[in-house]
Each structure stands twice: as structure tokens, then as C-alpha cells.
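In: just the structure for this:
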Amino acid sequence: MALQAALLLLAAGIPAAPGNLPPDTTVLAAPPAGFLLPGCSRATGGVVEGGWDPDDVEISRAERAVAAKLAELATRPGYSPGTELPDPLSFEVNDMRWQREVVGIVRGGRRIVFVNYLPSDIDVLEEFMPTKVCDGGPPFFAAEYEVVDGAITHLAFNSALGGPFWPAYRR
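Out: As a prediction, this is how the structure comes out:
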């Protein structure tokens, strides 16, 4: 079954993620300049100038930085821990409640690991990755990790019809 999934990803032009990555991670091919990151009901970090292929170490560092930033945001006004299911503000490294779609992007000449987080029970279609979900609420979020600085530079949550809207974080 895993081999079939890897072959489907390769046929779609999406490389299978090697070991030592967070669970349920799909690493996508480097995008061209002008690539549109999934947004819809959340802010994006800006124009993509091009792409690159992040390695497992960079992706794992991004995952740890996301967990730390979400824990920090849980203490700030404007964020409401415990209001969402799954609750992004309780996110931990290698959290099985989410699947990840990873893309290496370039913005301002800097290498960024973009990670699109979706609840693990959501079915995605490989040909439409990274997945764009409108509404859905904060359990659908995306983070940008700047490799050289080792910091989260942008983190945004989807809004929801009639539900809470958390502000985007920008460094």
C-alpha cells in the first residue's frame, strides 16, 4: 500500500517524503516563480519568487518552530485555546492530529519552508496539493519557517463561517 501511494505521488510529480519527517508529511516539488500559496480564508505571506527542495532536517526544524510559536500564541490576546477541534494551540512536534504539505519557497531571496497543516481526517487529492480549503476554521493553518534565521516569519489560520478568526502572526 505504501509503495502504491509513493508511485501515485511520483506519477503526479510529487516526490514521496523520505524517513525522519513528521508523520503524514508530503513534500511537494519546488514551485516556479509566481506560484500561488493556498489562502482563500487566511492571509498568505506574499509573492513566491521561486522554489527549492528542503531536506528532512529543515522540515523537522520547521515543525519544532511551529510547535513553539503556537504555544507562545496560546498566551496572547486574540487567540482562544480550547475552542477548536483539533486545537492548533495545543499542537506538538509530530502531532498525529494533522497532516502536512511542505513546499520550499523563496521570498526576498530567502529560503522558506512553507507548511500547510490540515486535520488528519481530511481527504486530500494529490493533484491539487497544496490543498486549499476555504473556511474550515483555525484547525486549517499554514506556517512559514525562514531557514537561515530559524524562525517562523508568518503563520495564519483559516477563518470559519460565523466562527472565531485568529489573527495572522508575522515576525
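In: just the helices in this structure please.
Out: Assigned by DSSP state H, the helices in the chain fall at 2-11, 56-73.
In: by mean pLDDT, show me the worst of those.
Out: Comparing mean pLDDT across the helices of the chain, the lowest value falls on helix 2-11: a mean of 37.
In: how about low-confidence regions in the chain?
Out: For the chain, applying pLDDT under 70 flags the ranges 1-19, 162-164.
In: neighbours of T44, how many?
Out: Here the number of neighbours of T44 (other CB atoms under 10 Å) works out to 17. C-beta here means a position set from N, CA and C on the backbone, and glycine is covered the same way.
In: that one contacts L37, correct?
Out: Yes: counting by CB atoms under 8 Å, L37 is a contact partner of T44 at 4.7 Å.
In: please enumerate the shared neighbours of these two.
Out: A142 (CB atoms under 8 Å, 6 or more residues apart in numbering).
In: which residues does the closest residue to R111 other than its chain neighbours contact?
Out: In this structure, R111 finds its nearest non-sequential neighbour in V147, 4.5 Å apart by CB to CB, 6 or more residues apart in numbering. For V147, the contact set (CB under 8 Å, 6+ apart) comprises 54, 58, 61, 110-113.
In: can you say which of those are buried?
Out: With burial judged by 16 or more other CB atoms under 10 Å, the buried subset of the contacts of V147 is 54, 58, 61, 111-113.
In: pretty sure A143 is in contact with Y117, am I right?
Out: Yes: with contact defined as CB under 8 Å, A143 and Y117 form a contacting pair (7.2 Å).
In: the more surrounded of the two?
Out: Per other CB under 10 Å, whichever of A143 and Y117 has more neighbours is A143, with 27 against 24.
In: R107 against W52, yeah?
Out: No: applying CB under 8 Å, one finds R107 not in contact with W52, separated by 11.3 Å.
In: who's more crowded, these two?
Out: Neighbour tally, R107 and W52, criterion other CB under 10 Å: the higher count belongs to R107, 19 against 15.
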